[in-house]
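[1] just coords:
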């Protein structure tokens, strides 16, 4: 219980540190680190992992249409409600946790254990400034960008695949999709993915910089805690955000009173 | 009229008590080279930590470049720390940055001095030891030998132009040829900082 409270307090302190010190990104060393993080998370992930995640999005719609014997209306609603609003941000978050979250948690834990974070402090460099802020802001933006890639490819994949399974053309599906989609859907998923990126990096940086002890055995423990807690935080944010925006929780099992 | 800043007579004064008795009491006059021999590893670690942080514990007294560190406010402490350089294994290279990024990191973070001047000073320092700077700059610390790592740490110290440099014992990791090369660090430092103060820190024979 005490550990949970300490971790919560640490996460909140990191949150405020990033919020207050974000202007430090103007420094050349921080800008370099920020761009490197955006490249690692947003660009290198965009080639292989995003294509696979997009294929998963397309498969979800294909499977759902097949099982529900869906028509154009239902197929497009599934594309919009499931793939665009939920699967896109969640798939991006999953990619970020598995790829960047593990890398950051292990990298920071190794730096802490080998005395490199202390070395930064001795060089007059605040480790929280230099190590945390570029990663948090960089991953936030990269998660939003990844979400857009995945949404675009998953919706496109779903539309290209659906005509083979239901009696509808690509044009019918796309016309109906653009009738139903609203700016709220886009804002909702982008803001949610920014929150996901922030939360994932906050958790991973905290566990990387605070491993359970200072031996090499602590690295996998720090990574495991970072990944499990990141996944939990993402699910909680997803549920709360869906309830706040659309008044629906757990796929409609809980509905807000209007 | 602006008052001229006088060079302090003492570059460093340090005293440490253990169990109520004086354990260490050392001082170093400015613009000279000194050799401190401390009684044991614990005393050496406490001394190095105090100088690195410009901060002293309850049983310690430390004056650096004429300033009593116990009375310093955080901003003044940060400024003082930038005037002091310590070559020690307690400040290793950052493993995910290449040599150039390691050398330029403090300047890139603080925004001063300009990176061009850092690059030029680093090239000259490395070339003085017969190392090709361009080849070394792109390598990661894990790809370097023991002497090369110490040389890069020394270069990082040198380009920061500290008024006071403290060299922690280089240890037994270097062979005799590398020890001979490392002995030239003093000349290189004094060539760039003629008014600088250099302190070597080691253990007494008993402490070692």
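    Happy to help now that I have it. Remember, predicted model here, so these are calculated numbers, not experimental data. Numbers count the residues shown, from 1 in each chain, chains lettered A, B, ... in the order given.

[2] in the helix or strand of chain B with the lowest mean pLDDT, which of the residues would be classed as buried?
    Ranked by mean pLDDT, DSSP states H and E, the weakest helix or strand in chain B is helix B:176-182, scoring a mean of 86. Residues B:178, B:182 are the ones in helix B:176-182 that count as buried (16 or more other C-beta atoms under 10 Å in any protein chain shown). C-betas here are computed from N, CA, C, even on glycine.

[3] quick one: contacts of that helix?
    For helix B:176-182, the external contacting residues (C-beta atoms under 8 Å, 6 or more residues apart in numbering or on different chains) are B:129, B:146-147, B:150, B:170, B:174.

[4] could you point out which element follows it?
    helix B:185-192 (DSSP states H and E).

[5] quick one: mean pLDDT over that next one.
    Averaged over helix B:185-192, pLDDT sits at 94.

[6] likewise for stretch B:42-58?
    91.

[7] run a quick neighbour tally on the residue of chain B found nearest chain A.
    Nearest to chain A, among the residues of chain B, is residue B:108, at 3.7 Å (C-beta to the nearest C-beta). Neighbour count of residue B:108, defined by other C-beta atoms under 10 Å in any protein chain shown: 21.

[8] what's the closest non-adjacent residue to it?
    Nearest residue to residue B:108, sequence neighbours excluded (C-beta to C-beta, 6 or more residues apart in numbering or on different chains): residue A:29, at 3.7 Å.

[9] give me the pLDDT for the one you found.
    Per-residue pLDDT puts residue A:29 at 88.

[10] what of residue A:81?
    84.

[11] and it, that one's in a strand?
    No - with DSSP: H, G, I helix; E, B strand; the rest coil as the criterion, residue A:81 is located in helix rather than a strand.

[12] now do it against chain B, distance only.
    Per C-beta to the nearest C-beta, to the nearest Å, residue A:81 is found 42 Å from chain B.

[13] then residue A:92?
    Distance of residue A:92 to chain B, computed by C-beta to the nearest C-beta: 25 Å.

[14] what's the helix or strand for that residue?
    helix A:88-95.

[15] now that helix, how far from the chain's geometric center?
    Distance of helix A:88-95 from its chain centroid, counting by C-alpha atoms, centre = their mean, to the nearest Å, is 5 Å.

[16] which other helices and strands contact that helix?
    With contacts taken as 3 or more C-beta pairs under 8 Å, 6 or more residues apart in numbering or on different chains; DSSP states H and E, helix A:88-95 sits against helix A:49-68, helix A:133-161, helix A:183-209, helix A:218-246.

[17] packing partners for the first one?
    Contact analysis of helix A:49-68 by 3+ C-beta pairs under 8 Å, 6+ apart lists helix A:72-77, helix A:88-95, helix A:133-161 as its packing neighbours.

[18] give me the buried positions along the last one.
    To tie it back to what came earlier, the one meant is helix A:133-161. In helix A:133-161, counting by 16+ other C-beta under 10 Å, buried: A:133-151, A:153-159, A:161.

[19] what are the phi and psi values for the nearest residue to residue B:87 once chain neighbours are set aside?
    Of all residues not flanking residue B:87 in the chain, residue B:167 sits nearest, at 4.7 Å (C-beta to C-beta, 6+ apart). For residue B:167, the backbone dihedrals (degrees, to the nearest 10) come out as phi -110, psi 110.
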